[in-house]
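*Asks:* When you get a sec, could you give me coordinates for this:
(one chain, ligands or ions: 1)
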Amino acid sequence: MEDQQVLTPETKTESGYDPFEIQAEFGITKHMGGVDATDILAKQCRIGAGSHVLDAGCGVGITPISLAKQYGCTVVGVDIRDSMIARARERAQKQQMADKVQFRVADVQALPFEDNQFDAVISESVLAFPEDKLRAVAEYVRVTKHGGYVGLNETIWIKPPTPELLEYLAHAGSQTQLLTHEDMQALLRANGLEVVLAQAYEISPRQEARAQIKRVGWGHILGSWWRALKMYVTKPAYRAYLQDALGTPKEAAGYMGYGLYVGRK
Ligand SMILES: C[S@@+](CC[C@H](N)C(=O)[O-])C[C@H]1O[C@@H](n2cnc3c(N)ncnc32)[C@H](O)[C@@H]1O
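*Replies:* Numbering: from 1, shown residues only. Presented below is the predicted three-dimensional model:
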C-alpha cells in the first residue's frame, strides 16, 4: 500500500523533543478508556467478520491488530508519522496479521481513499491534533459506505480549562486543541451523521493505568519499561519528556475526560 507524501506536523516542545516520535520509538500509543472503550465503539459500529474498517490516526497499530484478531475484520490503519507506520507494520508482521491489516502514511484531513470504501471508520484520540477538525470528520464520512458508521473516542474538556492548564498544554508542545462534549456531537451532525452514541466519561488515573495494561499486556509493558530505561540513560530528549509528563498539573484529570461518539451515515 503506497504511502502519502505528507508534511509531518511540528510538535516539538520547548525542550526540543517531539512526544509522538518518542512514543513511536517506545512502541506504545494510547487513548483514554483502553480496550473497553474500543470494544464499545466496535460493537456500536457493528464491526464483524466481513467488515472493512479504517483506523484513522492508528499510532503504532495496536487497535487495528486487535480489531482484526477479535472480530475477524480487515483493517487499514493510517497515521501521519512514518515512524508510527513503521512500528505498526513491524507489529503486524510479528503477530502474523499482515494478511488482515495494512498500514499507510496519510493525513486524516486528506485521506487517500475513494468515497464509500469502509463499513466503519474508527478514530481514537486523534482529533485534538489536526488543524481542520471539520475537514477530518468530513473525510471520515466521505470514505464510509452509506449506512456505515464513524466511531470516535476523543479526549474532551469536561470543565472549562484554567489558564495554567492551557499554558501547560502549550508548553507540552502539542498543538493540542480539545473540544467539548457538545462540540463533538455538533461536529458529527455538521457532517450529516445521525448520532447514535454520545457518552462522556471522567478520567481516573488509576483506571487509565489498568486500562493500558489490559490493552497491551504485562509482557509489552515490561519490555517498554526496559526500553524506557535505556532511552532515559541515552537520550536527553526522553528525560525532558518524562519530566514534563510527571509535571502534568494534578487537577488536569478533573478538567479532561473522554467521550465516545458514533454516527451513522
Ligand atoms: C494519541 S495518539 C493515538 C494513537 C492511536 N489511535 C491509539 O489509540 O493508540 C495520536 C496519533 O494521531 C496521529 N496524528 C496526529 N495528527 C494526524 C493527522 N493529521 N493525520 C493522521 N494522523 C495524525 C499521531 O501521529 C499519533 O499517532
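*Asks:* Going by residue numbers, what spans are helices in the stretch 101-250 of the chain?
*Replies:* 133-143, 163-171, 181-190, 205-234, 236-246 (DSSP state H, counting those that start in this stretch).
*Asks:* Single out the most deeply packed of these.
*Replies:* helix 133-143 (a mean of 20; mean count of other Cβ atoms under 10 Å). For glycine as for every other residue, the C-beta is placed from the backbone atoms N, C-alpha and C.
*Asks:* Extract the CA atoms of that helix and return them as PDB.
*Replies:* The C-alpha trace of helix 133-143 is given here as PDB (Å, rounded to 0.1, in the frame of the first residue of the first chain):
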ATOM      1  CA  LYS A 133     -11.200  19.100  12.500                       C
ATOM      2  CA  LEU A 134     -14.400  19.600  10.400                       C
ATOM      3  CA  ARG A 135     -12.400  18.500   7.400                       C
ATOM      4  CA  ALA A 136     -11.000  15.500   9.100                       C
ATOM      5  CA  VAL A 137     -14.500  14.300  10.100                       C
ATOM      6  CA  ALA A 138     -15.800  15.100   6.600                       C
ATOM      7  CA  GLU A 139     -13.100  12.800   5.300                       C
ATOM      8  CA  TYR A 140     -14.100  10.000   7.700                       C
ATOM      9  CA  VAL A 141     -17.700  10.400   6.500                       C
ATOM     10  CA  ARG A 142     -16.700  10.500   2.800                       C
ATOM     11  CA  VAL A 143     -14.900   7.200   2.900                       C
END
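*Asks:* Identify the residues contacting that helix?
*Replies:* 54, 56, 108-111, 113-118, 121, 123, 126-127, 130, 150, 152, 177, 179, 187-188, 190-193, 263, 265 (Cβ atoms under 8 Å, 6 or more residues apart in numbering).
*Asks:* Now do it: distance to the chain's middle.
*Replies:* How far helix 133-143 lies from its chain's middle: 15 Å, per Cα atoms, centre = their mean, to the nearest Å.
*Asks:* Quick one: work out the angle between it and helix 181-190.
*Replies:* Here the directions of helix 133-143 and helix 181-190 differ by 40 degrees (axes from the mean of the first three to the mean of the last three Cα atoms, to 10 degrees).
*Asks:* before we move on, the earlier item: if you average pLDDT over each of the helices of the stretch 101-250 of the chain, which is lowest?
*Replies:* Of all the helices of the stretch 101-250 of the chain, the minimum mean pLDDT falls on helix 236-246 (a mean of 71).
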